[in-house]
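Chemist: Kindly return the folded structure for what I paste below:
(chains A and B)
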Amino acid sequence: DAKTTQPTSMDCAEGRAANLPCNHSTISGNEYVYWYRQIHSQGPQYIIHGLKNNETNEMASLIITEDRKSSTLILPHATLRDTAVYYCIVRVASQGGKLIFGQGTELSVKP
Amino acid sequence: NAGVTQTPKFRILKIGQSMTLQCAQDMNHNYMYWYRQDPGMGLKLIYYSVGAGITDKGEVPNGYNVSRSTTEDFPLRLELAAPSQTSVYFCASSRGQIYGYTFGSGTRLTVV
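Modeler: Okay, the predicted model is just below:
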């Protein structure tokens, strides 16, 4: 089973920051938090990942709490093209580093 | 750089038929994965491989087989297709256990 809990859906106004929360209270010390998104029925797209520290790249920022039990993905200026299902995943350190997907959060960016 | 290429993009099978879904990557990634996604659901891991000659089962392996004879290719074999295997199949590859996946564009399979 997925080790994360996310809201089923969220709305965001175009141009505003989208903050997507994720709970992973049973995460182990060597497990990473990954974020992917899936637009329509395309293959999932990698966004960002982190272990302890906050991370930022050209797509998004990842904020991980000090106790690592939750995290937030931030899309700083959401556009209509960011409408997608966003998956927060704790990556299993063994077994080929496989990703176990949950249900994700359906983000709708509205004009 | 093509990334992960899946063929075919669409296929209709009759119950009991067999087929192979092809997956090839040109990034020299050791890790490769097969997922299926049923309508409105998240992805479920079918099989994965950590290198040529090494494969292992994921969450939903029944009804499928894989092989990994080269680093580049990771075909998924369906034997005796059943309606329950109607799904979209995604192949992915990764450089290693802590690196992000690159996904293919998927194969949409319908079994009738």
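Chemist: low pLDDT regions in the chain?
Modeler: With no chain named, the answer covers chain A. A:1-2, A:93-95 (pLDDT under 70).
Chemist: hmm, I had chain B in mind actually
Modeler: Ranges of chain B meeting pLDDT under 70: B:1.
Chemist: Apply 90 and report the result again.
Modeler: B:1-2, B:39-42, B:79, B:96-100 (pLDDT under 90).
Chemist: Point out the residues in it that sit beside chain A.
Modeler: Within chain B, the positions near chain A by Cβ under 8 Å from any Cβ of the partner chain are B:4, B:31, B:33, B:35, B:37, B:41-45, B:48-50, B:56, B:58-59, B:88, B:90, B:92, B:94, B:96-98, B:100-106, B:108. (Each C-beta comes from the backbone N, C-alpha and C, glycine too.)
Chemist: And stretch A:46-53, what's buried?
Modeler: Residues A:46-50 are the ones in stretch A:46-53 that count as buried (16 or more other Cβ atoms under 10 Å in any protein chain shown).
Chemist: quick revisit: mind listing which of the residues of chain B next to chain A are in strands?
Modeler: B:4, B:31, B:33, B:35, B:37, B:43-45, B:48-50, B:56, B:88, B:90, B:92, B:94, B:101-103, B:108 (DSSP state E).
Chemist: still on that earlier bit, restrict the buried residues of stretch A:46-53 to contacts with chain B.
Modeler: Checking those against chain B (Cβ under 8 Å from any Cβ), the matches are A:46, A:49.
Chemist: For the buried residues of stretch A:46-53, which two are the farthest from each other?
Modeler: Taking Cβ to Cβ as the measure, the buried residues of stretch A:46-53 span a maximum distance of 12.7 Å, between A:Tyr46 and A:Gly50.
Chemist: starting at the chain centroid, how far to stretch A:79-99?
Modeler: 6 Å (Cα atoms, centre = their mean, to the nearest Å).
Chemist: Buried residues of that stretch, list them for me.
Modeler: Buried residues in stretch A:79-99, counted by 16+ other Cβ under 10 Å: A:82-92, A:96-99.
Chemist: before we move on, what about stretch B:2-13?
Modeler: Result for stretch B:2-13 [16+ other Cβ under 10 Å]: buried residues B:4, B:6, B:11, B:13.
Chemist: want to throw the residues you listed into JSON lines with secondary structure?
Modeler: Formatted as JSON lines, the buried residues of stretch B:2-13 follow (DSSP: H, G, I helix; E, B strand; the rest coil):
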{"residue": "B:Val4", "secondary structure": "strand"}
{"residue": "B:Gln6", "secondary structure": "strand"}
{"residue": "B:Arg11", "secondary structure": "strand"}
{"residue": "B:Leu13", "secondary structure": "strand"}
